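S.K.: need a structure here:
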Amino acid sequence: MTIWQAILLGILQGLTEFLPISSSAHLVIVPYLLGMQIPADQIFPFNVLVQLGTLAAVIIYFRADLWNIIRDFISGLFYRKPFGSPNARSGWLLILATIPAGLFGVLIKDMVEQAFSSVVATALLLLVTAMMLFAAEKIGKPEKQLAQLTWLDALIIGLFQALAIFPGISRSGSTIAGGMFRQVRREDAARFSFLMSIPIMLGAGIFSLKDLFEISDLSAFITPMAIGFVSAGIIGYVSIHWLLLFLNKHKLSSFAFYCIGLSALTLVVTMVR
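M.R.: Numbers count the residues shown, from 1 in each chain. Below is the predicted model of the structure:
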C-alpha cells in the first residue's frame, strides 16, 4: 500500500464512516474502480484498523458527553443506584445496543472477511442501505428525544448495527434508520448512533490486531496505516459536525439516492470489465 493510497482511503473512511453511505463499501469499491493494486493481506486489516482514526474523532467530538456518562455510570455502580441518573442510564443503553454487533462480529468474522473481497456483493448491499433510508423516512414518525429512549429501542437499534458488519450496509445509516423506526428524532438517532459506534469500533480494532501481525511486510505497512489513521480522524471529526447540522433540516433521501447511484456504477463497471 502506498502513501497516496493510504491518504485517499483514510479520507474516504473519515467522510463515509458517519455519513449513511457505508465506509466499508467505499473502501472496497473505490480501490476497485480506480484499479488500485493493494496486497490482499493488507485490505481487511487496513479497513478495520483505520476505523480507529474515526474512533478518535468521535471520542474527541463527544468528550463532554462521554465523560458525563462514564462518571455517572461508575458513580451509579458505587452507590448501588445503576439507573439513578439519565447519564448512567444512557451508559447501560449503549452497552445493550453494542451486544448484538459484538456477537455477530465474533461468530461470523470469516464470512465478513469474504464479503470484503466481493465487489458485487458490496454493491448489492448498498441497495439494502438505500432501502433502509427510504423506509425510515416513509415509516418513521420521529418524535422521541434521546432521553426518552427505552431498553427495547436500544436493543432494536443494536440489531440494526449488527447488520452493518457487512460491507455495503452503512453502520450509521442502519442505526439512524433503526432509531427512526422506533420514532426517535433524526438528529437524536444520529447522536446515539455515533456514541454506540465507540465500543464496537474499539472492539473491532482490538480483535483485528492479530491480523495486523500476520501481514507479510508489516514494517512497510505501518507508515501507510498511521497516515490513514490521521486522515480518517481529521475528516471524521468534520463529518460528524456537518451531519448533525444537516439532519436538523434535511431528510436521509439524498444519501439513499447516492447509494443507489454508486451501486449501479459499480455493477455496470463490473459487467463491462
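S.K.: now do the residue of the chain most remote from its centre against Asn68, distance only.
M.R.: Farthest-out residue of the chain from its mean C-alpha position, per CA atoms, centre = their mean: Tyr79, at 34.3 Å. From Tyr79 across to Asn68, the span is 16 Å (CB to CB, to the nearest Å). For the C-beta atoms, the positions are set from N, CA and C on the backbone; glycine is no exception.
S.K.: check Ser263 too.
M.R.: 40 Å.
S.K.: other SSEs contacting the helix or strand hosting Phe194?
M.R.: Element membership of Phe194, judged by DSSP states H and E, is helix 186-207. Packing contacts for helix 186-207, counted by 3 or more CB pairs under 8 Å, 6 or more residues apart in numbering; DSSP states H and E, involve helix 40-49, helix 51-61, helix 63-78, helix 86-107, helix 151-163, helix 171-181, helix 218-246.
S.K.: and of those helices, who's closest to Leu252?
M.R.: Closest approach to Leu252 among the helices and strands packed on helix 186-207 (CB to CB): helix 171-181, 7.0 Å.
S.K.: distance between the closest one and the chain's centre?
M.R.: Centroid separation for helix 171-181 versus its chain: 11 Å, with CA atoms, centre = their mean, to the nearest Å.
S.K.: got it, and stretch 256-271?
M.R.: Between the centre of stretch 256-271 and the centre of its chain there are 20 Å (CA atoms, centre = their mean).
S.K.: which helix or strand contains Leu133?
M.R.: helix 119-139.
S.K.: mean confidence for that helix?
M.R.: Averaged across helix 119-139, pLDDT comes to 93.
S.K.: that one: which residues count as buried?
M.R.: 119, 121-123, 125-130, 132-134, 136-137 (16 or more other CB atoms under 10 Å).
S.K.: which two among the residues you listed are spaced furthest apart?
M.R.: The most widely separated members of the buried residues of helix 119-139 are Val119 and Glu137, with 28.1 Å between them, by CB to CB.
S.K.: under the pLDDT cut-off, which ranges of the chain? List them.
M.R.: Across the chain, the ranges flagged by pLDDT under 70 are 38-45, 106, 108-116, 208-221.
S.K.: and Val184, its phi and psi?
M.R.: Backbone torsions of Val184, given as degrees, to the nearest 10, read phi -80, psi 140.
S.K.: show me what contacts Pro199?
M.R.: Taking CB atoms under 8 Å, 6 or more residues apart in numbering as the criterion, Pro199 is in contact with Leu94, Ile95, Thr98, Gly102.
S.K.: can you check Leu149 too?
M.R.: Contact analysis of Leu149 by CB under 8 Å, 6+ apart lists Ser90, Leu93, Val184, Phe192.
S.K.: between those, which sits nearest Ile222?
M.R.: Comparing the contacts of Leu149 against Ile222 with CB to CB places Phe192 closest, at 34.4 Å.
S.K.: neighbours around the closest residue in space to Gly173 that isn't next to it in sequence, how many?
M.R.: Excluding the flanking residues, the one nearest Gly173 by CB to CB, 6 or more residues apart in numbering is Pro20, at 3.0 Å. If you count neighbours by other CB atoms under 10 Å, Pro20 ends up with 28.
S.K.: the contacts of Pro199 into JSON lines, with extra columns for distance to Phe229 and neighbour count?
M.R.: What follows is the contacts of Pro199, written out as JSON lines (distance: CB to CB, whole Å; neighbours: other CB atoms under 10 Å):
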{"residue": "Leu94", "distance to Phe229": "24", "neighbour count": "21"}
{"residue": "Ile95", "distance to Phe229": "26", "neighbour count": "15"}
{"residue": "Thr98", "distance to Phe229": "22", "neighbour count": "21"}
{"residue": "Gly102", "distance to Phe229": "23", "neighbour count": "19"}
